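>>> How does the following fold in three dimensions:
(2 chains)
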Amino acid sequence: MSAAPPTDLVPVTIDGQEIAVPKGTNVIEAARRVGVDVPFYCYHPKLSVVGNCRMCLVELGQPAVDLATKAPVMDPVTGRQRIDWIPRPQIGCATNVTPGLHVRTQTPQIKACREGVMEFLLINHPLDCPICDQAGECKLQEQATGYGRGYSRFIEQKNVKPKRTQLGPRVMLDDERCILCSRCIRFCKEIAKDDVLGFTDRGSYSTLTCYPGRQLTNNYSLNTVDLCPVGALTSTDFRFKMRVWFLKQTPGIDPESSAGANTVVWSREGVIYRITPRDNDAVNDSWMADSGRELYKQVRSPGRLAGVRVAGTPAALDAAVAQAGELFRAAAGRVAVVGSGRSSVEEQWLTRRLTEALQAPAWLVSRVGEGDGLLVSADRNPNVRGALVTGLIRSLPTQRLDELTAAIDAGRVTTVVAVGEDLAAAGLTRAQLAKVKIVHLGTAASPTSEASAVLLPALTLYEKAGCFVNQQFRLQRFQRAVPGPAGAHDDLELLARLIGASGGAVAPADLAGVWREVAAALPALAGRTFTTVPDLGLALDPAPFAGLPFIEGPGLHYTPAKG
Amino acid sequence: MPAPAERRIIFKHIDEPGYTPDLACYLRHGGYASLRKALGMAPAAIIDEVKKSGLRGRGGAGFGCGLKWSLVDRKSGKPIYLVVNADESEPGTFKDRYIIHQDPHQLLESIMVSSWANNVRQAYIYIRGEFPYGARILEKAIAEARAANLVGPNVLGSGYSCEIYVHRGAGAYICGEETGLIESLEGKRPYPRIKPPYFPAVLGLYQCPTIVNNVETLCHVKHIVDVGGEEFAKIGTPGNTGTRILCVSGHVRRPGYYEYEVGRITLGQLLNEVCGGPLPGRTFKAIIPGGSSAKVLRWGETFTLKNKDGSTRTLAAEDIPMDFDTLAACGTMGGSGGVIVMDDSVNMVEALANINAFYAHESCGQCTPCREGSLWMKKITARMVHGQARAEDGALLQGVADQIAGRTICAFGEACSWPTQSFLAKFGDEFRAYPEAKTAPRPESVPLA
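Residues are numbered from 1 along each chain as shown, chains lettered A, B, ... in the order given. Below you'll find the model as predicted:
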């Protein structure tokens, strides 16, 4: 990643406030910088500008200059250079700042413009906020309150349009609510590269629809729901489930691949209702894949592990840890640890501590898929680079755990600690699982959990906090959204106790403690603490790992290093 | 004062007995001599002549043709396109169609001259979908001209090559808006583009510099080359040069098209003398002088206009010269030359309901004020004529129209709100009286929303 090139600053005056903004900034963004709100619907900083909603109309002016002499024309009243205002209001979204530009957003004309657009947008809108999922996060509601007249002069029949169009498996359309801003159309065309949406009919009867014979099936379709300023596009998963104002927002990270899209986890009273993208211009802009939004369902999945077991029998945690210690002593020198690219940096650090205490080799399970060039990368682990940074592994994981299986077959490994991984999914046969004693930290029932000698239920991503290092070597933090189920334990606590049971030095069982260790031990994280990791992540130096054959192809904001 | 004689330049051969649209006939009448002459001139010299001619656009806005050409970005290295706007859709306008139907080679010759002048290698004629016959005539004419080496590669051995393509629209008024037309030509929905940055002269067809000219405007270019810009500028009045075709429709005895020097004939001369006056027993009431979107004039109203020296003069509606500037000074426009005449049999509320229905149907739906406002105005006037008028409807219509004009992406916002604004300004009493007038509604004339 290279630093942004120095930009030319352009002086502008917005509602009397002077500010210098980078060249190429539009009036909406420039106004935002001085705290002036220019309302809009169709504009989106990551999409092309179409200027169709007309909500961002502002008055523009330039300092007056005598055409013949080029000398400034002074205003005798104020003694300053006169401003020549363009009589017609102009849209802020399509107007980039020019030196000396003057902007007025609080004049009677602009007030009338906004009231007019609000009235027009509402005359054919169903006003069904009481049953609309968008209520509470609806631009139409917010701006009607902020900029509307508060009453309607419309007494005619409203237009009738399709109310429930299933655009695709995850997106439902209510055409009557649509304000025809075309954000969804532009997103599909420009970002998802899946040009399936368009308008039919014309004028006020214009109707959003899929092209004939097509569906909105792409893996980014739910971004159209996020983009929709009104309740026209809703998520079939979320609609009618919960009022948004009841929901708590917790920052998260999409764990489905090393792209590490930033997310918001929306929950209420310990239940997650949806996951949406969190803006991060260095990683995922305003987008995330649909596939990452459903992962919260693992929290309440039927196969969730919720009780410590020793050899299949419910047991107390102390007894289970003691039993693990017994297994470690019995198999001294023949223990192996399988770590996970899905574990957090903190967990990986403790996993490394465990391997050192056991003097055991560590493997990492590899998961590879096809990268989509956007926000799902080929490496389907969120944190393989974290394992490198923490020193849990020194080379990239291989496709299969061949060395481990050979060692098991040969009897060189008789006990395996599986941290957050199902060994069967990683390629071990049931016979191999049966041949070894397994200490397993996991969240979901699997062949490994069934075969475990010691089963330690752990937490899912959404029930704990930690950090991932994404493909850009960007350290990104996720927070705990909901509490874990009874019977499950924090991974850090479990790992710390296993380290204790293996005879290692006392290990910290909480984030702050782990960070005190890593800050001291790892140069890349020197002086850092968990709480001071920036909300938008911390770029680590990738240089120490430059030679490794990373598998990710180009993605949004990611270009593979030339090897 | 008697009306001056018609001066037919563009329509010289229209309706002439024995004049046919084929190439042979056109050549017999001296056709393509202007192209030969133009090919012997430097392109810049032709542009210069067009500038000197003072030719203004006949499509609606009256923008200077030479100025339009001079704004074209010639340094981009991209090809320059010429697009002929033959999407003649403004209600009340029917001039381009006759050029295309009866004298297509006049248009083709002018296209070739203009293309040579502007280094254009591909020209498109965008013809409205409702003109299938015209499109066939043009296709045939282009084939004839190609066969005669007047269009296509190495025109008349000059080494200059230019192709002309005919593209048919699918039937939308908005395709007459030049950027909407360009979008349509590119195969998209004809959503007019935002300006800035998409000025056709810089970022037009396929994001290349593009000239969009109306059929009638372009046909003048050939004649400018014939006589020279200065000579052409002597036709008409200063600042309003050349001739223009006035399409008179509605309540006159002799509706039709008439070609006059711009500004040399007044509205009264045109209607009373040329068109034979009102129908028997009727009197004129309202005139829309430049296509349905132009603001209406009340017959008998007077205007106080400023002279150049700062003094003022009074001008009656019937004394308005049919030029660009005076009509603009009177608050309306020459527009597309479609003069729509309404007499005292017309109820202005019903007339507006008709116009509003058209604009609501034709709004492309891209930007909010026009999309929602045009249909709202239609719904109001349709309700009024269906016996549910309220005293406050006039004020409401005014309020809606005022929320549209000046706030939209393209000029359709003005086109759809000017009728309402001007009908209310000139005939507001009819709107106020309508609820009580209990005029028998004529449902068949106005579709209900």
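>>> pretty sure residue A:139 is touching residue A:229, no?
Yes: Residue A:139 is in contact with residue A:229 according to Cβ atoms under 8 Å; the separation is 3.7 Å. Quick note: C-beta positions are derived from backbone N, CA and C, even for glycine.
>>> Quick check: neighbours shared by the two?
residue A:41 (Cβ atoms under 8 Å, 6 or more residues apart in numbering or on different chains).
>>> In terms of neighbours, single out the busier of these two.
Legend: neighbour count by other Cβ atoms under 10 Å in any protein chain shown for residue A:139 and residue A:229, higher for residue A:229 (25 against 19).
>>> Checking my notes, the more buried one in a strand, right?
No: assessed with DSSP: H, G, I helix; E, B strand; the rest coil, residue A:229 is coil; it does not lie in a strand.
>>> what's the closest non-adjacent residue to the residue in the stretch 51-200 of chain B that chain A sits nearest to?
Closest residue of the stretch 51-200 of chain B to chain A, Cβ to the nearest Cβ: residue B:194 (4.3 Å). Leaving aside its sequence neighbours, residue B:194 sits nearest to residue A:51 (Cβ to Cβ, 6 or more residues apart in numbering or on different chains; 4.3 Å).
>>> Check residue A:466 too.
Leaving out its chain neighbours, the residue that sits closest to residue A:466 by Cβ to Cβ, 6+ apart is residue A:344, at 2.8 Å.
>>> Can you give me the neighbour number for the one you found?
Residues lying near residue A:344 (other Cβ under 10 Å) number 29.
>>> coming back round to it: would you mind confirming that the residue of the stretch 51-200 of chain B closest to chain A makes contact with residue A:91?
Yes: using Cβ under 8 Å, residue B:194 makes contact with residue A:91 at a distance of 7.2 Å.
>>> Which residues are in contact with each of those two?
With Cβ under 8 Å, 6+ apart as the test, residue B:194 and residue A:91 both reach residue A:51.
>>> Who has more neighbours out of these two?
residue A:91 (28 against 20).
>>> Contacts only, for that one.
Residue A:91 touches A:51, A:54, A:56-58, B:194, counting by Cβ under 8 Å, 6+ apart.
>>> Which pLDDT does the model give residue A:531?
The per-residue pLDDT reported for residue A:531 equals 96.
>>> tell me the SS of it?
Recorded secondary structure, residue A:531: helix (three-state DSSP).
>>> likewise residue B:122?
Secondary structure assignment for residue B:122 (three-state DSSP): strand.
>>> Quick check: chain neighbours aside, which residue is closest to it?
Nearest non-adjacent residue to residue B:122, counting by Cβ to Cβ, 6+ apart: residue B:163, 5.4 Å away.
>>> Mind pulling up the pLDDT for the one you found?
Listed pLDDT for residue B:163 reads 97.
>>> what's the helix or strand for it?
In the assignment (DSSP states H and E), residue B:163 maps to strand B:163-168.
>>> neighbouring strands for that strand, and are they parallel or not?
strand B:120-127 (parallel) (DSSP bridges).
>>> buried residues in the partner strand?
Across strand B:120-127, burial judged by 16 or more other Cβ atoms under 10 Å in any protein chain shown covers B:120, B:122-127.
>>> residues from chain B in reach of chain A?
Counting by Cβ under 8 Å from any Cβ of the partner chain, the residues of chain B close to chain A are B:172, B:189, B:191, B:194, B:196-197, B:360-369, B:371-376, B:379-380, B:383, B:396, B:399, B:403-404, B:406-409, B:449.
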